[in-house]
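Participant: what would the 3D arrangement of this be:
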Amino acid sequence: MKKLPLIGLLLLCALPALADTRYVVDELSITVRSGPSTKNQVVKILRSGAKINVLTEIESNGRQYAQVEAGNTTGWVLTQYLSSEPIAKDRLQAAEKKLANALQQNANLKTQLATLKTDSESAIKQRDKLNSNAQSLDAELEKLKRISARPIQLEENNKKLRTDLASSNNQVKLLIQENDSLKNRTQRDWFVVGAVVVLISIIFGILLTRIRWGKRSSWGNSF
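Facilitator: Modelled structure (predicted):
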């Protein structure tokens with residue numbers, strides 16, 4: 001007769017583990033026994049809130065027992081002392097911890113917001129400074145363009161002046177040639193005029209001589 005509970009116990013142990021996580025309820029402590037009965041030996045004592053793994057559950061003598069794994073110990077406890085949720089104390093501690101984390105995150109966010117605000121103001125100042133520098137660079141670039149354009153304009157002016165100078169030189173040469181030509185023409189004209197004057201003088205002298213001889217002849221005949 002004593003072998004039957006033992007065989008049943010072995011069969012129950014052979015069943016697949018449920019691997020269900022549970023918690024010891026709000027009691028001071030519960031006992032873990034070597035079998036599903038208060039007559040079995042106590043192998044471990046669990047404090048309230050202890051986390052255990054439920055391997056299987058059975059009913060024995062009208063009471064519900066669960067085979068549990070608590071650390072390195074495996075034994076049986078009454079399921080009425082187990083809960084699927086952590087005890088109120090642990091939940092309160094978890095809530096307090098979560099609240100503390102939320103408050104810390106809120107403080108961190110406020111710090112980050114202040115940092116971002118400072119960075120934003122700094123970025124705005126930096127942007128304004130960069131815009132001012134860009135405007136200064138644009139003005140300097142425009143000035144450099146005007147300065148760089150001057151040599152080109154000067155070179156063009158020099159080319160034009162050289163062209164005008166060459167044209168003026170050509171005109172001067174033409175004027176010199178015309179002047180020389182005029183000088184030669186004037187000299188020729190004066191030579192011709194001189195020759196004409198000399199010729200007229202000779203003719204006039206001859207005529208005057210003849211007139212004088214004619215008068216003398218007429219005077220001689222009258223005596």
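
Participant: make it CA atoms for all contacts and neighbour counts henceforth
Facilitator: OK.

Participant: next, count neighbours for residue 201.
Facilitator: When neighbours are defined as other Cα atoms under 10 Å, residue 201 has 13 of them.

Participant: could you list the buried residues of stretch 137-151?
Facilitator: Judged by neighbour count (16 or more other Cα atoms under 10 Å), stretch 137-151 contains no buried residues.

Participant: distance of residue 95 relative to residue 50?
Facilitator: 18 Å (Cα to Cα, to the nearest Å).

Participant: swap in residue 109?
Facilitator: Counting by Cα to Cα, the separation of residue 109 from residue 50 is 36 Å.

Participant: more neighbours: these two, which one.
Facilitator: Using other Cα under 10 Å, the more surrounded residue of residue 109 and residue 50 is residue 50, with 18 against 12.

Participant: let me see the backbone angles for the more buried one.
Facilitator: Note on residue 50: its backbone torsions stand at phi -60, psi 140 [degrees, to the nearest 10].

Participant: what about the longest helix in this structure?
Facilitator: Using DSSP state H, we find that the single longest helix of the chain is helix 88-222.

Participant: domain ranges for this structure?
Facilitator: Domain assignment of the chain by automatic domain parsing yields the ranges 10-85, 87-153.

Participant: okay, those, which one's buried deepest?
Facilitator: Each of the domains of the chain was scored by mean neighbour count; the highest is domain 10-85, a mean of 17, by mean count of other Cα atoms under 10 Å.

Participant: what is the mean pLDDT for it?
Facilitator: Averaged across domain 10-85, the pLDDT comes to 82.

Participant: now it, how far from the chain's geometric center?
Facilitator: From the chain centre to the centre of domain 10-85 is a distance of 65 Å (Cα atoms, centre = their mean, to the nearest Å).

Participant: go on, stretch 189-206?
Facilitator: Taking mean C-alpha positions (Cα atoms, centre = their mean), stretch 189-206 and its chain are 102 Å apart.
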